[in-house]
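**Student:** no sequence for this one, just the structure:
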């Protein structure tokens, strides 16, 4: 059985035991997080349930920051250059169970 979940404006395909990386959540590592926004669920017999009532229980593995992304702005022939870097913070979640009501 697997499901698609929505979190922070993105959709993720999850199954039990899967590890997903989402935008940073303000919880401690080792605690549990419940995601209740499930647009689609596929059962073991390949039957599809759209917008089921249920939740996905995840455990927070760790927090971190991704690799640096560089942004360069330049105007030709004017001597204008700006260089910026950005590192997005993330949280890794391990899916414990998919619960259906």
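**Tutor:** Arrived safely, thanks for sending. As the structure is a prediction and not an experimental result, all values here were calculated from the model.
**Student:** any idea which residue is closest to the centre of the protein?
**Tutor:** Among the residues of the chain, the one closest to the centroid is residue 22, at 2.6 Å (Cα atoms, centre = their mean).
**Student:** in terms of pLDDT, where does that one sit?
**Tutor:** Residue 22 carries a pLDDT value of 96.
**Student:** and it, how close does it get to residue 46?
**Tutor:** For residue 22, the distance to residue 46 under the criterion Cβ to Cβ, to the nearest Å works out to 27 Å. All C-beta spots, glycine's among them, are computed from the backbone N, C-alpha and C.
**Student:** what sits against the residue nearest to the residue nearest to the centre of the chain when sequence neighbours are not counted?
**Tutor:** The shortest distance from residue 22 to any residue other than its chain neighbours is 5.1 Å, reached at residue 7 (Cβ to Cβ, 6 or more residues apart in numbering). Residues in contact with residue 7 (Cβ atoms under 8 Å, 6 or more residues apart in numbering) are 22, 23, 35, 37.
**Student:** roughly how far does residue 10 sit from residue 43?
**Tutor:** Counting by Cβ to Cβ, the gap from residue 10 to residue 43 is 24 Å.
**Student:** who has more neighbours, those two?
**Tutor:** Here residue 10 and residue 43 are compared on neighbour count by other Cβ atoms under 10 Å; more neighbours surround residue 43, at 14 against 10.
**Student:** who's in contact with the closest residue to the more buried one other than its chain neighbours?
**Tutor:** Counting by Cβ to Cβ, 6+ apart, the nearest residue to residue 43 once its immediate chain neighbours are dropped is residue 1, at 5.4 Å. Applying Cβ under 8 Å, 6+ apart to residue 1 gives the contacts 15, 16, 41, 42, 43, 44, 98.
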